[in-house]
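*Asks:* Quick one: sequence plus predicted model below, questions after.
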Number of protein chains: 2
Amino acid sequence: MVTLKDISEFCGVSKSTVSKALNGQSDISKETTERIREAAQKFGYLPNAAARSLKTNKTLNLGVLFVDKTSSGLRHEYFSGMLESIKSAAESRGYDITFISRNLGERKMSFYEHAKYRGCEGVVIASVDFTDSDVIKLVNSEIPTVTIDYVYDRSTAILSNNLDGMEQIAEYVFAKGHRRVAVIHGENTSVTQKRLASFRNTCNKIGLEIDEDLIKEAHYHDPKLSAMATKELLDLENRPTCIIYPDDFSYIGGMNVIEHRGFRVPEDISVVGYDGILLSQMLRPKLTTYKQDSEEIGKMAVEKLIAEIEEPRLSVPEIITVTGKLLEGGTVKEI
Amino acid sequence: MVTLKDISEFCGVSKSTVSKALNGQSDISKETTERIREAAQKFGYLPNAAARSLKTNKTLNLGVLFVDKTSSGLRHEYFSGMLESIKSAAESRGYDITFISRNLGERKMSFYEHAKYRGCEGVVIASVDFTDSDVIKLVNSEIPTVTIDYVYDRSTAILSNNLDGMEQIAEYVFAKGHRRVAVIHGENTSVTQKRLASFRNTCNKIGLEIDEDLIKEAHYHDPKLSAMATKELLDLENRPTCIIYPDDFSYIGGMNVIEHRGFRVPEDISVVGYDGILLSQMLRPKLTTYKQDSEEIGKMAVEKLIAEIEEPRLSVPEIITVTGKLLEGGTVKEI
DNA sequence: TTGTAGGCGTTATCAG
DNA sequence: CTGATAACGCCTACAA
């Protein structure tokens, strides 16, 4: 490995001069700087990140916390898209990304310990059990964090606008004339609560009484449960004319049931998804859905995190809402 | 930040004693070790990875190269599943994962430089343009690498068994009585070449002449192109009785066309996918497909990489083939 | 069994 | 403008 010392010996100057020249300090002469730069280039010199961060206390390293009990975490396009975006936003700001986990080899450590050990200057927290005490410990530590789709008092949060999402969906569906609208929702999280509240509010706004039989629980990203809920809905005396699914992928389960019963979408029943994943736009008819802007969410998360790292004084925990948009497909019939 | 020195002062021993005790060296007395451990616990001592690696020349850090022109990289479940598996395999061996990229902030650097700078002890290379000179430079460097689905002379490669995959698909389809079998394949890569060769071989084995009109090019993970190819196939005088798609996701494009023409799967036409992603098993009928074992591939990649890092003497570049399995769905009719 | 001293590669301070 | 020196936190001969 070629070090500062090698360059300095070759150029006949001191290590400090080389260091300064390479870091573009102003107090080194143009010529010397040039000479040193060339030598560094020639020898393929690369600074040693460990040594540098030991000295500067900066690692230019961000942690990403991405756990999922069901391990469907990265399989969910909402999250894999977000990760891509986190990755490229971090890169463009000069930061690297390290996954934070709980077990590093034999050694069990908390998320906080792992992040600390790796010298992460901040951590983006997404797709975890936010009630996990280990996550809470991390958020309450001195390490800056940004959470996604969950709010803690002490941490900046980036939220996909679930209120707007559900409102837009509901308004769209109502505008198409639907009044018996079913909602299959995901497991009980704050995201789910927001979507449901938003649905109820929007119903209220137009004076629509909600038939509680049309509200069914399922899980996110689980077509089987949504299929079951769909069955129950189709078995009702007074069937809904439209079903809103927890997400696009779950709709696949509902789609099968609907087709199996010999119903057609949207002629016999209308459907709406959520997320706007690639798949939704490949189906025919295209699935009407609300596209969450996972790209923007990831980007904002990184920007806010870096802002807090670099300017802790100027940063206060914020709640930032990222609004998506309704993608009008062909799965909601005018009635 | 609490350091070795803090602990040593508190315990009234020297830094080296603390270091040894914490690392479980045998030459420290039981009691002292215990006392030091307790103090470390109490103060929440964590070793500083940068300092440690500066000294030991070990970082316990693996790089992952995951680029994609189309940026559908992580959106493709084959890769996101693999990443999950790489992540957990690395964690369980005590390694962390850092994404390698080309631009770290302002500074443009090569993949090799980035990996070197971050002190990656090895790099898993997947989902990139393998002809990129930068990738080649990395592979030919002193940093151990493992490539996925591509073979270089100098690097261990983990290959999904595309020969077996296509062979199993073809044999299955032939066994069901199909003789006019169309293949829509992805862009021209070594993976594609293998699948096609395998298809041709299997045809040969049963003495089946291939109708070149039934071989169509599309792209991986691109339902639109597969939809177009499907159209062309359905427009043929002498239609195929079965279509093999480049991957499960691309099949969605074909599915739309087929349905739009009023054909049913599998009654009117049989179809087969490739990959075995979640979606394929959610469709009704389930898509008959070949499941690539992306989990095993990721795990093997990490194991081989770590083996080479820790035992360079014993390691030679290997080519490891990971076989998947045919998932029999209901999309191929017996004729 | 424990402690001392030195150095890993870098940067920062301050003197020349 | 340049260089000597110390220090970041840790590990490891080697000495005691």
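*Replies:* Right, received. Where do you want to start? What you see is a predicted model, and the numbers here were worked out from it, not measured in a lab.
*Asks:* sec struct for residue A:198, please.
*Replies:* Secondary structure, DSSP: H, G, I helix; E, B strand; the rest coil: residue A:198 is helix.
*Asks:* Find the nearest non-adjacent residue to it, please.
*Replies:* Distance criterion Cβ to Cβ, 6 or more residues apart in numbering or on different chains; nearest residue to residue A:198, sequence neighbours excluded, is residue A:166 at 3.8 Å. In this view, the C-beta of every residue, glycine as well, is placed from N, C-alpha and C.
*Asks:* same thing with residue A:170?
*Replies:* In this structure, residue A:170 finds its nearest non-sequential neighbour in residue A:202, 3.9 Å apart by Cβ to Cβ, 6+ apart.
*Asks:* what does residue A:114 give?
*Replies:* Distances taken as Cβ to Cβ, 6+ apart put residue A:100 closest to residue A:114, at 5.1 Å, once the chain neighbours are dropped.
*Asks:* Now do the contacts for the one you found.
*Replies:* Counting by Cβ atoms under 8 Å, 6 or more residues apart in numbering or on different chains, residue A:100 makes contact with A:63-65, A:111, A:114-115, A:118, A:120, A:123.
*Asks:* Could you pull up phi and psi at it?
*Replies:* Per-residue torsions, residue A:100: phi -100, psi 140 (degrees, to the nearest 10).
*Asks:* ok, which residues in chain A are in contact with DNA strand D?
*Replies:* For chain A, the residues in contact with DNA strand D (Cβ under 7 Å from any atom of the strand) are A:12-17, A:20, A:27-33, A:51, A:54-55.
*Asks:* Make a PyMOL selection of the buried ones in the residues you listed.
*Replies:* Of the residues of chain A next to DNA strand D, the buried ones can be selected in PyMOL as follows, counting by 16 or more other Cβ atoms under 10 Å in any protein chain shown:
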select buried, chain A and resi 13+17+20+28+33+51+54
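*Asks:* and the residues of chain A next to DNA strand D near chain B, which?
*Replies:* Restricting the residues of chain A next to DNA strand D to those within reach of chain B (Cβ under 8 Å from any Cβ of the partner chain) leaves A:51, A:54.
*Asks:* filter the residues of chain A next to DNA strand D by proximity to DNA strand C?
*Replies:* Near DNA strand C, judged by Cβ under 7 Å from any atom of the strand, the entries from the residues of chain A next to DNA strand D are A:15-16, A:51, A:54-55.
*Asks:* a markdown table for those, including pLDDT and secondary structure?
*Replies:* Formatted as a markdown table, these follow (pLDDT from 0 to 100; DSSP: H, G, I helix; E, B strand; the rest coil):
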| residue | pLDDT | secondary structure |
| --- | --- | --- |
| A:15 | 89 | helix |
| A:16 | 91 | helix |
| A:51 | 94 | helix |
| A:54 | 92 | helix |
| A:55 | 92 | helix |
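*Asks:* JSON lines please, covering the residues you listed and showing distance to residue A:290.
*Replies:* What follows is these, written out as JSON lines (distance: Cβ to Cβ, whole Å):
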{"residue": "A:15", "distance to residue A:290": "58"}
{"residue": "A:16", "distance to residue A:290": "57"}
{"residue": "A:51", "distance to residue A:290": "49"}
{"residue": "A:54", "distance to residue A:290": "47"}
{"residue": "A:55", "distance to residue A:290": "49"}
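*Asks:* Pick out the most distant pair among those residues.
*Replies:* A:16 and A:54 (16.7 Å; Cβ to Cβ).
*Asks:* And what about residue A:65, helix, strand or coil?
*Replies:* Quick answer, by three-state DSSP: residue A:65 is strand.
*Asks:* separation between it and residue A:272?
*Replies:* 31 Å (Cβ to Cβ, to the nearest Å).
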